[in-house]
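Engineer: need a 3D model of the sequence below.
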Amino acid sequence: MDKGRKQRAFGSRSLLFSSVAFFALSLNTAGVEAGTSLQSFSADVIHIAGKQTSTGEIHATKNAVRTEGAENGQEIITIVRLDRNELHILAPAAATNLEMPYIDDAGGNEQEFAQYIEGAETQSTPLGTGQIGPYRCDKSRVQVTYQGHVYESIEWAAKELDGLVVKRENEKEGWSTEYSDVRLGPQDPSLFEIPPAYRTIRYSKNWMMFFRQTMLWGSDPSKLVSVARAAGLKLVGDDPTLFTPSHSLDDYSFELVDPITGAEVYSAHTIVDRFPPRESASTSKPAANPRQVEPKVLAVQRSDSGREYSLDVSFVVPDVPNSTFDTITVYGMQIMGTQRSHDRNYPSVYGHWQPNDHVEFSVRVPKEYADPSKGWNLTFCVGSAPSCYPSANLLTLIPENSK
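Structural biologist: Next up is the predicted model:
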């Protein structure tokens, strides 16, 4: 194993496909009645998938669709380019654009715009009429076949909106999408373009299925890597599937990358205690040790959110020149005596910050993992992949009036 790299491992496992990306990919919205072109409109949209509900806004033209929403306090935008079979996930806070095929070899469950891609075949079966909000609708079952993949849904096309579908659902897969406050009319073309200042990360396919499986295997690196390889990802770094029983699981580092584009999809860097000084680019003095420099936490405010607590955190980026600050990794664990357990990873936050910048982010924590008197810790680490600067336990910094 590369011990030099181990010594620079930075704190916790991180996943580029965070819950923010999951929100973006689940908020696919409905089109119009099969056999017609996609109309230009905007509307409010609500998407339900199982027990998860997402709200946002949609803008559509003939060849493109844009949805806007938020997850964990972070704005997220998706753009589907039907003319190029592209899906773009934009994170404005980080000025990044995640690009992948809208429909790839694996197909997908909720590609609701498949019927508007050239070569798609659509069949529609009338099911009578129905009422959705203020709209009188023609109801139908629609089946779309594209490159061997089949997509089915029930659609409600509003008579008052020239046949625009205002609701679509698939009871078998447990999802539905519904519009309200629909505004027909041309949309600003710039809404469907990627801002030139954004950094683009390209994937050769949609890795969403792998992301969902990491929810099951995220705490077991060996199973996670096995699933990743089966999905087609390439492993770079330590191979957990080769670990012996005596191997310490507190000491490993690896990345899973797209085999075609080389872009990182998932990275795992365990928390280690060895952060040797490094030479600064502008001085011969040793650079600051991440273990000795701590971001100054200004406030931690807690609010009740059902089964979870929502924590709003504000802090100051450490005053360390010649350091890169583009990632905030959030992780939790329970420490009882000398025993550590229940490692848990939360969505990372990406951006571009300078020393002494004031930064804010939010994280949702299950209530059973939020009591510091029972050994629970919640920590963030700000920096980059090579090294970062860990915070104090946020759970101990919540003011009494916020508890």
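Engineer: what's the first-to-last distance across stretch 67-79?
Structural biologist: 7 Å (C-alpha to C-alpha, to the nearest Å).
Engineer: now stretch 323-337: mean pLDDT?
Structural biologist: Taken as a whole, stretch 323-337 has a mean pLDDT of 85.
Engineer: give the buried residues for that stretch.
Structural biologist: S323, F325, D326, T327, I328, T329, V330, Y331, G332, M333, Q334 (16 or more other C-beta atoms under 10 Å). The C-beta positions use only the backbone N, C-alpha and C, and glycine is treated the same way.
Engineer: would you mind writing the CA trace of the helix or strand R344 falls within as PDB?
Structural biologist: Using DSSP states H and E, R344 maps to strand 339-353. Extracted in PDB, the C-alpha atoms of strand 339-353 (Å, rounded to 0.1, in the frame of the first residue of the first chain):
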ATOM      1  CA  GLN A 339     -14.300   2.200  20.800                       C
ATOM      2  CA  ARG A 340     -15.400   3.900  17.600                       C
ATOM      3  CA  SER A 341     -18.500   2.700  15.700                       C
ATOM      4  CA  HIS A 342     -21.400   3.800  13.500                       C
ATOM      5  CA  ASP A 343     -19.300   5.700  10.900                       C
ATOM      6  CA  ARG A 344     -21.700   7.800   8.800                       C
ATOM      7  CA  ASN A 345     -21.100  10.000   5.800                       C
ATOM      8  CA  TYR A 346     -23.200  13.000   5.000                       C
ATOM      9  CA  PRO A 347     -23.400  14.900   1.700                       C
ATOM     10  CA  SER A 348     -20.200  16.900   0.800                       C
ATOM     11  CA  VAL A 349     -20.300  20.500  -0.100                       C
ATOM     12  CA  TYR A 350     -18.200  21.800  -3.100                       C
ATOM     13  CA  GLY A 351     -17.100  25.400  -3.800                       C
ATOM     14  CA  HIS A 352     -14.100  27.700  -4.100                       C
ATOM     15  CA  TRP A 353     -13.100  29.500  -1.000                       C
END
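Engineer: packing partners of that strand?
Structural biologist: strand 14-15, strand 325-336, strand 358-366 (3 or more C-beta pairs under 8 Å, 6 or more residues apart in numbering; DSSP states H and E).
Engineer: tell me the pLDDT of G375.
Structural biologist: 89.
Engineer: list phi and psi for it.
Structural biologist: phi 90, psi 10 (degrees, to the nearest 10).
Engineer: would you mind measuring from it to M336?
Structural biologist: Distance, G375 to M336, by C-beta to C-beta, to the nearest Å: 5 Å.
Engineer: low-confidence bits of the stretch 51-200 of the chain, can you list those?
Structural biologist: Applying pLDDT under 70 to the stretch 51-200 of the chain picks out residues 71-73, 105-111.
Engineer: change it to 80
Structural biologist: Applying pLDDT under 80 to the stretch 51-200 of the chain flags the ranges 51-52, 70-74, 93-94, 104-116, 118-119, 147, 171-173.
Engineer: all strands of it, in order?
Structural biologist: 52-60, 64-71, 74-81, 86-91, 96-101, 121-132, 135-146, 149-158, 164-170, 175-184, 199-202 (DSSP state E, counting those that start in this stretch).
Engineer: what residues of the third one count as buried?
Structural biologist: Neighbour-count burial for strand 74-81, counted by 16+ other C-beta under 10 Å, picks out Q74, I76, I77, T78, I79, V80, R81.
Engineer: right, and the last one touches Y102 too?
Structural biologist: If I follow you right, that is R81. Yes. Between R81 and Y102 there is a contact at 7.5 Å, judged by C-beta atoms under 8 Å.
Engineer: between the two, which contacts overlap?
Structural biologist: Common contacts of R81 and Y102 (C-beta atoms under 8 Å, 6 or more residues apart in numbering): L87.
Engineer: secondary structure element holding V225?
Structural biologist: helix 221-231.
Engineer: is it true that C381 lies in a strand?
Structural biologist: Yes. Counting by DSSP: H, G, I helix; E, B strand; the rest coil, C381 is located in a strand.
Engineer: need the pLDDT of it.
Structural biologist: We have a pLDDT of 89 for C381.
Engineer: for beta bridges, what are the partners of it?
Structural biologist: Counting by DSSP bridges, C381 forms beta bridges with T329, P390.
Engineer: got it, and E308?
Structural biologist: Counting by DSSP bridges, E308 is bridged to S305, P366.
Engineer: quick one: it and E368 touch, right?
Structural biologist: No. Assessed by C-beta under 8 Å, E308 is found out of contact with E368, at 9.7 Å.
Engineer: comparing those two, which shows the higher neighbour count?
Structural biologist: E308 (16 against 11; other C-beta atoms under 10 Å).
Engineer: what residues does the more buried one make contact with?
Structural biologist: Contact analysis of E308 by C-beta under 8 Å, 6+ apart lists R364, V365, P366, K367.
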